[in-house]
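Engineer: output the structure for:
(one chain, ligands or ions: 1)
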Amino acid sequence: MSEQNEHFYVTTPIYYVNDQPHIGHAYTTILADVLARYHRLLGVPTHFLTGTDEHGQKVQQAATQRGVSPKDHVDTYVTRFTDLWQHLCVTNDDFIRTTEPRHTKIVQQVLTDLYNRDEIYRAEYDGWYCVTCERFYTEKDLADGLCPEPGCHKPVERITETNYFFRMSKYQDWLIQYIEEHPAFIQPDFRRNETLGFLRKPLTDLCISRPKTRMSWGIELPFDHDFVTYVWFDALLNYVSAIGYGVDDALFRKWWPASMQLIGKDILTTHTVYWPTMLHAMGVPLPETVFAHGWWLIGRDKMSKSAGNVVNPMALAENYGVDAFRYFLMAEMVLGQDASFTEEGFVRRYNADLANDLGNLLSRVVRMTLSHFDGRVPPCGELATEELQLRDVTLEAVAGMRDAVGRMRIDQGLGGLAGAVREANRYLELRQPWTLAKQGPEARVLMGTTLYCAAETLRMVSGMLYPVMPAKMAALRGALGCADGEPDYSRLRHWGELASGTALQPAGPLFPRIQPAAKQDPAAKGAVGAPKSASKPKKPGKEVPVSTVEGIVSYDTFSQLDLRVARILSAEPVEGADKLLCLQVDTGGDSRQIVAGIAKSYEPAVLVGKHVVIVANLAPARIRGVTSQGMLLAADAGDQLRLVTVECGAEPGARVR
Ligand code: MSP
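Structural biologist: Have a look, this model is predicted:
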């Protein structure tokens, strides 16, 4: 991190809009936010971009399943990301969606330019296609005849079709040389070696189109209306389309080249092979650094829907506080390496660093100053060895944090700041200011000096922690009487800036201690908020809702469902859909139409008169062109479905709870 840098432009990958946001998404975005906030603190002009990747086959399929248009689908789902970033205090300057005209227009402009300059050509292609990864592979690429992508390994389809190709192969030698001459381009170093290893094999040209006959939800090729753009070629361009590439030169030159493009290790090839060759062909310089971080494992396991251990960041932040969650993620992961998430580990670190050390230091300083110095920061006397030691440790921690941000070792920087807080608590133990109060005027001067020094450490450390825990550090600094709002590095790096006489404010507990969980059931595999609720840690005096793992919902969420008794008035088949029946049901006050996939399980006639349970407040959907205003509840019974019915006495419209 350097003050001489003219700008700091940081990006995250744009997330698949279909995905349920998880701890991995939250991590990258919070990391980008922390980097952006540190640069702003240093006074470096900063721009922070995140967004969503909204085209492709999976979006098209999900929209079809929901019976809505792909555009309606992405418009609904994008809010899961925008809401989460707001909740997590993420200060992105821009949020780009690949369906926005400002993006699609630039993608088409780049395609036209590359096509006109013969960087893109049309050819017949014969290869193996993985629907899940939306990628082609050669015979050699396959792993035992299956998709070679780690974590996929699904069957592939043989496809012969005409497509458009970007002449990526011709840039292979140039790229190798560029990477070798610019060690900062791919970080950490071992990831650079991984890309160089990949480039030892001949590079093929990149298929950048998909025929509309197979997949139409994408940006149309401007030179062939039968095709849409391959989702990665489209998505990567977000990093430049968002900052005015091709339309606002001054803006583009203000931010490009990007300073730091954050990615997860799984998308290294797209960002360090496809992306640089695309930029080179466009005549645009490469980003300064593409940084690939590791993965969050849950305990020792990979996080996945099928393992049921997907950590929901919204729930965690709700349970333990946004800032504590941000702090944990930043302190725990060594950038580049994988890290392990367990609720036990989270609680351990929270209690040690935040409740016992930082929170405790603040309450000691405020309490004693309020009761012995009228709530005003006392004057600082002469600094003896003990005070000088605390001062030096604090100054080193502040400089260390600044340096750690530049080296992408946020964990180390935070370790140094936690060390300074520990040192201040040790210093208080040594000086015992609480015993000095009644020992005469000289002791009182020493007591004042002691409280001043501890408060000064707090002022400096809290300023450097501000980018990680903005709300809590604002509260801490408010209690210390720091009126500078957002801290300013030029005032943080000097000892002695805290003015004697400043009025302190009474502070409630900043980080209440969390009762550690009882030993976890091994079946819970260390997952956060696993359903074995008996062992959940609890906030003091407050039940912690158990809802940090995807799939577990709070009572509040459950109670949003309006389940009602309904009487079936009529049932008839839906034309052209042999599994569907169209039902008219009486819901008490009114009647409505519900399309249900129960035709293989029930003859229409036997349904009439049944009292069933419906989800009454489900958004209406079009199923095979027929509107459905709700859903019936049914249980699996082999290959049949059995409707959930209620005993007589419960009238249509009765609430089910
Ligand atoms: N849409 C593409 C990116 C296009 S950028 C031009 C994509 N999206 S994603 O939603 O699947 O993934 C986004 C990021 O989340 C990736 O960087 C990926 O590495 C990261 N993570 C997914 N699971 C993760 C963990 N368990 N831990 C940390 N990050 C993880 O790929």
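Engineer: residue 382: which element?
Structural biologist: Under DSSP states H and E, no helix or strand contains residue 382.
Engineer: give the contact list for it.
Structural biologist: Applying C-beta atoms under 8 Å, 6 or more residues apart in numbering to residue 382 gives the contacts residue 449. Bear in mind the C-beta positions are built from the backbone N, C-alpha and C, glycine included.
Engineer: again, only using 10 Å
Structural biologist: By C-beta atoms under 10 Å, 6 or more residues apart in numbering, the contact list for residue 382 reads 445-446, 449.
Engineer: closest to residue 507 out of those residues?
Structural biologist: Set against residue 507, the nearest of the contacts of residue 382 by C-beta to C-beta is residue 449 (21.6 Å).
Engineer: look through this structure and state the residue closest to the ligand.
Structural biologist: As assessed by C-beta to the nearest ligand atom, the ligand sits closest to residue 264 within the chain, at 1.6 Å.
Engineer: from what I can see that residue touches residue 29, true?
Structural biologist: No: with contact defined as C-beta atoms under 10 Å, residue 264 does not reach residue 29; the gap is 11.7 Å.
Engineer: hang on, the earlier thing: phi, psi of the spatially closest residue to the residue of the chain closest to the ligand that is not a sequence neighbour?
Structural biologist: Once flanking residues are discounted, residue 264 sits nearest to residue 293: 6.1 Å by C-beta to C-beta, 6 or more residues apart in numbering. Backbone dihedrals for residue 293, given as degrees, to the nearest 10, come out at phi -90, psi 170.
Engineer: where does residue 165 sit: helix, strand or coil?
Structural biologist: With DSSP: H, G, I helix; E, B strand; the rest coil as the basis, residue 165 sits in strand.
Engineer: number the chain from 15, please
Structural biologist: All set: I'll call the first residue 15, so the last point we hit is now residue 179.
Engineer: next one, pLDDT for it please.
Structural biologist: Residue 179 carries a pLDDT value of 97.
Engineer: excluding its backbone neighbours, what's nearest it?
Structural biologist: In space, residue 179 is closest to residue 219, 4.2 Å off (C-beta to C-beta, 6+ apart).
Engineer: quick one: contacts for the one you found?
Structural biologist: By C-beta under 10 Å, 6+ apart, residue 219 lies in contact with 134-135, 137, 139, 178-184.
Engineer: which of the residues you listed are buried?
Structural biologist: Among these, the ones that count as buried by 16 or more other C-beta atoms under 10 Å are 134, 139, 178-182.
Engineer: between those residues, which sits nearest residue 82?
Structural biologist: residue 178 (29.7 Å).
Engineer: which residues touch that closest one?
Structural biologist: 125, 128-129, 134-137, 139, 219-224, 235, 237-238, 241, 243-244, 247.
Engineer: of these, select the buried ones using a PyMOL command.
Structural biologist: A single PyMOL command is used to select the members of these judged buried by 16+ other C-beta under 10 Å:
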select buried, resi 125+128+129+134+139+219+220+221+222+223+224+235+238+241+243+244+247
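Engineer: out of the contacts of residue 178, who's near the ligand?
Structural biologist: Among the contacts of residue 178, no residue sits close to the ligand (C-beta under 6 Å from any ligand atom).
Engineer: list the residues that contact residue 205.
Structural biologist: Neighbouring residues of residue 205 by C-beta under 10 Å, 6+ apart: 277, 279, 282, 285-286, 304-308, 350.
Engineer: give me the contact list for the strand or helix carrying residue 150.
Structural biologist: Following DSSP H and E, one finds residue 150 within strand 149-151. Contacts to strand 149-151, defined as C-beta under 10 Å, 6+ apart, come from residues 139-144, 155, 157, 160-163, 166, 170, 173, 175, 177, 218, 220-221, 244-246, 284.
Engineer: please redo it, this time with the cut-off set to 7 Å
Structural biologist: 139, 141-144, 161-162, 170, 221 (C-beta atoms under 7 Å, 6 or more residues apart in numbering).
Engineer: thought residue 160 was touching residue 167?
Structural biologist: Yes: using C-beta atoms under 7 Å, residue 160 makes contact with residue 167 at a distance of 4.7 Å.
Engineer: low pLDDT regions in the stretch 515-664 of the chain?
Structural biologist: Residues of the stretch 515-664 of the chain that meet the criterion pLDDT under 70 lie in 531-571, 573-574, 603, 634, 636, 639, 662.
Engineer: show me the strands in it, by range?
Structural biologist: Assigned by DSSP state E, counting those that start in this stretch, the strands in the stretch 515-664 of the chain fall at 577-588, 591-600, 605-610, 625-629, 635-637, 640-642, 645-646, 648-651, 654-657.
Engineer: packing partners for the third one?
Structural biologist: Secondary structure elements in contact with strand 605-610, counted by 3 or more C-beta pairs under 7 Å, 6 or more residues apart in numbering; DSSP states H and E, are strand 591-600, strand 640-642, strand 645-646.
Engineer: hang on, the earlier thing: what's the closest of the contacts of residue 219 to residue 477?
Structural biologist: Looking across these and measuring by C-beta to C-beta, the closest to residue 477 is residue 182, at 46.5 Å.
Engineer: now do the residue of the chain positioned farthest from its centre, the pLDDT please.
Structural biologist: Checked against the mean C-alpha position of the chain, the extreme residue using C-alpha atoms, centre = their mean is residue 454, at a distance of 55.7 Å. At residue 454, the model reports a pLDDT of 84.
Engineer: then residue 321?
Structural biologist: 79.
Engineer: once you drop chain neighbours, what's closest to it?
Structural biologist: Nearest non-adjacent residue to residue 321, counting by C-beta to C-beta, 6+ apart: residue 315, 6.0 Å away.
Engineer: just to revisit the earlier point, adding pLDDT and neighbour count, write the contacts of residue 205 out as TSV.
Structural biologist: As requested, those are exported to TSV (pLDDT from 0 to 100; neighbours: other C-beta atoms under 10 Å):
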residue	pLDDT	neighbour count
277	98	20
279	94	16
282	96	18
285	98	24
286	98	26
304	98	25
305	98	23
306	97	24
307	96	24
308	94	17
350	87	17
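Engineer: among those residues, which are in strands?
Structural biologist: Among these, the ones falling in strands (DSSP state E) are 277, 304-307.
Engineer: save those residues as JSON lines, and put in distance to residue 631 too.
Structural biologist: Output for those, formatted as JSON lines (distance: C-beta to C-beta, whole Å):
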{"residue": "277", "distance to residue 631": "40"}
{"residue": "304", "distance to residue 631": "45"}
{"residue": "305", "distance to residue 631": "44"}
{"residue": "306", "distance to residue 631": "43"}
{"residue": "307", "distance to residue 631": "40"}
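Engineer: farthest pair in the residues you listed?
Structural biologist: Most distant of the ones in strands among the contacts of residue 205, by C-beta to C-beta, are 304 and 307, 11.0 Å apart.
Engineer: residues touching residue 22, list them.
Structural biologist: Residue 22 is in contact with 53, 58, 60, 273, counting by C-beta under 7 Å, 6+ apart.
Engineer: give me the element the residue nearest to it when sequence neighbours are not counted is part of.
Structural biologist: Leaving aside its chain neighbours, residue 22 sits nearest to residue 53 (4.0 Å; criterion: C-beta to C-beta, 6+ apart). Using DSSP H and E, residue 53 falls within helix 37-55.
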